[in-house]
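In: Provided below for reference: sequence and predicted model.
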Amino acid sequence: MIEQAKPIYSDKFVQEMQAVIARWSLLKHPFYEIWNRGELTLQALREYAKQYYAHVQAFPTYLSAVHSRCQDMAARQVLLENLIDEERGAENHPELWLRFAEGLGVSREEVRSAQLLPETVASVKALQRLTRGDRFIDGVAALYAYESQVPEVARSKREGLAKFYGLEDARAVSYFTVHEQADVEHSEGEVSLLLAHCDTEDSRRRAIEAAEQSAKAMWGFLDGICNAYVD
């Protein structure tokens, strides 16, 4: 996760949540470590692009599920801004991911029709479950566990694609460029909501548990990729 200097990140509860997420840091997963060393085959990257699209496509529904369960107008507006960023216009995030896949030589139809690995299906179902519970703030914690890691992951992916795979075309890597900044802002909004709505020891405990389950789900997704496509 990108280090944050703002006061909200110095809160003990937030730091405890970040420590739990860090145990399942995506950048420490073998798949991303291999990527960052330039040792992934192009075919493995292509298969990853097909599988990860399941989350890119589903992420707006994670957001809308949390939004629909929130009764606080100010919190709903924070979530809505995030959702708008994901889906609005021709530059919506699923579209940006399809452009990345095309940059790797994978057609849109191949991405959309890909047979999903069991681990991919399980990770999507886990995020759906976490974001569709009765307590919207637990869903926010699950979103935070995911989005707080994205800026640093996106930067490292973009740099690795350029350095090792010659993929520097702005259109092809726009998904990563956008997320280097967008999810810094999204994460900040989610932290503000967590601090405002987790006002008891029990609510903080539940939120931390949701964050850990979310982080573990994404780690499990990468386990599936590694097992299927990395020798």
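Out: Arrived safely. Residues are numbered from 1 along each chain as shown.

In: The helix or strand hosting residue 56: how far from the chain's middle?
Out: According to DSSP states H and E, residue 56 maps onto helix 42-68. Centroid separation for helix 42-68 versus its chain: 8 Å, with Cα atoms, centre = their mean, to the nearest Å.

In: Other residues contacting the helix or strand just after it?
Out: Scanning forward in sequence from helix 42-68 by DSSP H and E, the next helix or strand is helix 73-87. Outside helix 73-87, the residues that touch it by Cβ atoms under 8 Å, 6 or more residues apart in numbering are 59-60, 63-64, 66-67, 70, 92-93, 136, 140, 143, 182, 186, 189-190, 192-193, 196-197. Using the backbone N, CA and C atoms, a C-beta is placed for each residue, glycine as well.

In: Helix 73-87 to helix 42-68, inter-axis angle?
Out: Interaxial angle, helix 73-87 versus helix 42-68 (axes from the mean of the first three to the mean of the last three Cα atoms, to 10 degrees): 150 degrees.

In: can I get the CA coordinates of the lowest-mean-pLDDT helix or strand in the chain in PDB?
Out: When each helix and strand of the chain is scored by mean pLDDT, DSSP states H and E, helix 174-197 comes last, with a mean of 92. Extracted in PDB, the C-alpha atoms of helix 174-197 (Å, rounded to 0.1, in the frame of the first residue of the first chain):
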ATOM      1  CA  SER A 174      -4.400   3.300 -19.400                       C
ATOM      2  CA  TYR A 175      -6.100   1.000 -16.900                       C
ATOM      3  CA  PHE A 176      -3.000   1.100 -14.700                       C
ATOM      4  CA  THR A 177      -2.300   4.800 -15.200                       C
ATOM      5  CA  VAL A 178      -5.800   5.700 -14.100                       C
ATOM      6  CA  HIS A 179      -5.700   3.500 -11.000                       C
ATOM      7  CA  GLU A 180      -2.400   4.800  -9.800                       C
ATOM      8  CA  GLN A 181      -4.200   8.000  -8.800                       C
ATOM      9  CA  ALA A 182      -7.900   7.100  -8.700                       C
ATOM     10  CA  ASP A 183      -7.700   4.500  -6.000                       C
ATOM     11  CA  VAL A 184      -5.600   6.800  -3.800                       C
ATOM     12  CA  GLU A 185      -8.700   9.000  -3.700                       C
ATOM     13  CA  HIS A 186     -11.100   6.100  -3.400                       C
ATOM     14  CA  SER A 187      -9.100   4.600  -0.500                       C
ATOM     15  CA  GLU A 188      -9.100   7.900   1.300                       C
ATOM     16  CA  GLY A 189     -12.900   8.200   1.100                       C
ATOM     17  CA  GLU A 190     -13.300   4.600   2.400                       C
ATOM     18  CA  VAL A 191     -11.000   5.300   5.400                       C
ATOM     19  CA  SER A 192     -13.100   8.400   6.200                       C
ATOM     20  CA  LEU A 193     -16.200   6.200   6.100                       C
ATOM     21  CA  LEU A 194     -14.600   3.500   8.300                       C
ATOM     22  CA  LEU A 195     -13.600   6.100  10.900                       C
ATOM     23  CA  ALA A 196     -17.100   7.700  10.900                       C
ATOM     24  CA  HIS A 197     -19.100   4.400  11.100                       C
END
